[in-house]
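[1] give me a model of this one.
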Amino acid sequence: MEANTTNRFIRYIKDHHLCNKGERILLAVSGGSDSMMLTDLFLRTGFEVAVAHCNFKLRAADSDGDEAFVKAFCETKGVPFYVTRFETGIFAAEEKISIEEAARKLRYAWFEDIRQGNGYTFIATAHHLNDNVETLLFNFFRGTGIHGLHGIAPKQGKIIRPMLFLTKKEVLAYVADRNIDFVEDASNRSVEFTRNYLRHRVIPLLESAFPGLDKRLSQNIIRFSEAEKLYEQSIEFHRRKLVETRGTEAFVSILKLKKSQPLLSITYEIFKDWNFSFEQSRQIIGILDSEPGKRIVSETHRLIRDRKWLIVSPLAAEEVSHLLIEQDQLQVETAGMHLSLKIVPGRGYKISGDAHTASLDTARITYPLVLRRWRQGDYFYPLGLKKKKKLSRFFIDRKLSLNDKEKVWVLESGGRIIWVVGMRVDDRFKIRPSTREVLRIRMW
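    Numbers count the residues shown, from 1 in each chain. Next up is the predicted model:
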């Protein structure tokens with residue numbers, strides 16, 4: 001069995017292009033049966049390795065005992081040994097994450113530091129087939145979608161997992177045949193952790209109903225992984241078709257998105273790049289037929305429904321060229337410009353001749369207002385004219401230089417330009433003798 005397993009190990013590494021002889025490999029070793037088998041296989045096959053061990057300080061003396069065991073093994077075998085200790089519970093509380101997630105983040109960050117700092121090519125972990133099945137079910141129940149159904153990848157960046165072809169039973173048989181000592185982590189038997197609950201409660205029930213479950217799910221993982229590649233190719237096709245990037249902003253064609261099928265999946269996959277959730281994807285679809293000015297905000301970005309585009313911008317105001325102005329907002333700041341807004345009585349109001357002040361009839365305005373950079377195709381009705389004029393023509397008449405044109409902002413209400421900022425208001429929104437309230441906007 002030993003020789004057969006070793007041959008399968010070598011073949012798995014070659015088939016998945018995990019690593020080559022001569023490359024230095026850092027092994028993640030807890031001291032359990034899986035990682036001790038991993039170490040034995042790498043040593044038997046002639047790789048240059050070192051061992052990294054994390055003491056998470058979660059089991060008091062037991063954690064220290066595991067550390068001492070791995071250290072003693074490395075000294076006996078003459079293998080370089082790295083160790084660190086983490087305050088895992090404190091880190092989990094500070095980050096408001098589970099102990100499992102905290103331990104994962106801490107160990108992989110540390111492994112990468114050791115790898116980079118000491119010239120190792122890859123980090124090898126001892127995940128096996130049963131771990132892969134657990135990951136598939138864990139992701140399925142969490143609702144990760146197709147991206148979680150490929151299980152654990154044999155290679156992910158600088159992390160390799162050369163034991164994914166082995167079941168847990170095969171691991172235990174190997175260490176027994178080779179008389180390999182290992183330590184048993186008592187916490188692995190606790191069902192308080194989600195993965196352990198799957199391992200000890202859910203999967204045994206499934207296996208009793210579906211004998212050979214691990215092998216069948218392993219085959220499905222391969223199918224799901226290949227299906228995901230096709231899925232990603234399709235999403236990338238739609239991304240190229242739908243998204244235009246301009247500086248820090250992204251523009252998604254409303255018309256093209258509405259024609260895309262399946263709409264929900266395409267919307268989710270495209271907008272999740274800006275941290276919009278699956279539920280927000282439904283909201284995005286809901287505003288495709290709404291009036292301009294609607295917005296949705298993620299943790300990092302804002303989405304504005306323009307006339308023809310969904311415009312996604314970073315939340316930092318100084319980085320965007322589109323800002324929403326709510327009805328109760330009195331001040332607006334963006335790069336190189338400041339606006340103050342005030343509602344004043346219309347009776348007796350005197351219009352300022354200053355182009356940096358706009359006087360508008362509030363009865364004709366709908367909120368939110370949109371402050372944005374001008375773009376080709378924009379038009380408005382310049383004050384005093386009853387005919388619309390494209391802004392590009394308006395700028396020519398004013399003899400604006402290319403540099404000046406690039407600095408122009410417009411203010412929109414309901415998808416219509418009400419003010420070419422600092423230049424001219426729109427005739428449709430001018431104040432009249434009947435105007436009861438005036439929106440006065442000053443720019444400096």
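
[2] what values do phi and psi take at D289?
    Backbone torsions of D289, given as degrees, to the nearest 10, read phi -110, psi 10.

[3] what of N20?
    Backbone geometry at N20, expressed as degrees, to the nearest 10, gives phi -130, psi 160.

[4] that one: neighbouring residues, count only.
    11 (other CB atoms under 10 Å). Just so you know, the C-beta spots here come from the backbone N, C-alpha and C atoms, and that holds for glycine as well.

[5] what of D64?
    By other CB under 10 Å, the residues close to D64 number 13.

[6] spell out the residue ranges of the helices in the stretch 101-250 of the chain.
    Taking DSSP state H, counting those that start in this stretch, the helices of the stretch 101-250 of the chain run over residues 129-142, 168-177, 194-197, 203-209, 213-242.

[7] of the ones you listed, which shows the lowest average pLDDT?
    Among the helices of the stretch 101-250 of the chain, helix 194-197 has the lowest mean pLDDT, at a mean of 80.

[8] which regions of the chain sit below the pLDDT cut-off?
    Residue ranges of the chain with pLDDT under 70: 1-2, 186-193, 316-321, 335-336.

[9] circling back to that earlier point, tell me which of the helices of the stretch 101-250 of the chain sits nearest to G65.
    Among those, the nearest to G65 by CB to CB is helix 168-177 (18.3 Å).

[10] and that closest one, what does it pack against?
    Packed against helix 168-177 by the contact rule (3 or more CB pairs under 8 Å, 6 or more residues apart in numbering; DSSP states H and E) you find helix 2-15, helix 33-44.

[11] secondary structure element holding V344?
    Per DSSP states H and E, V344 falls inside strand 337-345.

[12] can you give me how far that strand is from the chain middle?
    Centroid separation for strand 337-345 versus its chain: 38 Å, with CA atoms, centre = their mean, to the nearest Å.

[13] quickly note the distance from the residue nearest to L58 when sequence neighbours are not counted to R104.
    Distances taken as CB to CB, 6 or more residues apart in numbering place T88 nearest to L58, at 5.7 Å, with adjacent residues excluded. Distance, T88 to R104, by CB to CB, to the nearest Å: 10 Å.

[14] neighbour count winner among those two?
    Taking other CB under 10 Å, T88 and R104 do not tie; T88 has more neighbours (21 against 12).

[15] for the stretch 251-400 of the chain, which segments count as helices?
    Going by DSSP H, counting those that start in this stretch, the stretch 251-400 of the chain shows helices at 254-259, 263-271, 278-286, 391-397.

[16] could those be laid out in CSV, adding mean neighbour count?
    Shown next, in CSV, are the helices of the stretch 251-400 of the chain (neighbours: other CB atoms under 10 Å):
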stretch, mean neighbour count
helix 254-259, 14
helix 263-271, 20
helix 278-286, 16
helix 391-397, 15
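
[17] out of the ones you listed, flag the one nearest G31.
    helix 278-286 (39.8 Å).

[18] list of residues touching that closest one?
    Residues outside helix 278-286 that contact it (CB atoms under 8 Å, 6 or more residues apart in numbering): L263, L264, T267, Y268, F271, K272, F276, I296, S298, L303, L310.

[19] ok, the first one - contacts?
    So the one you mean is L263. L263 is in contact with L257, I285, counting by CB under 8 Å, 6+ apart.

[20] tell me how far it lies from V297.
    L263 is 21 Å from V297, where distance means CB to CB.
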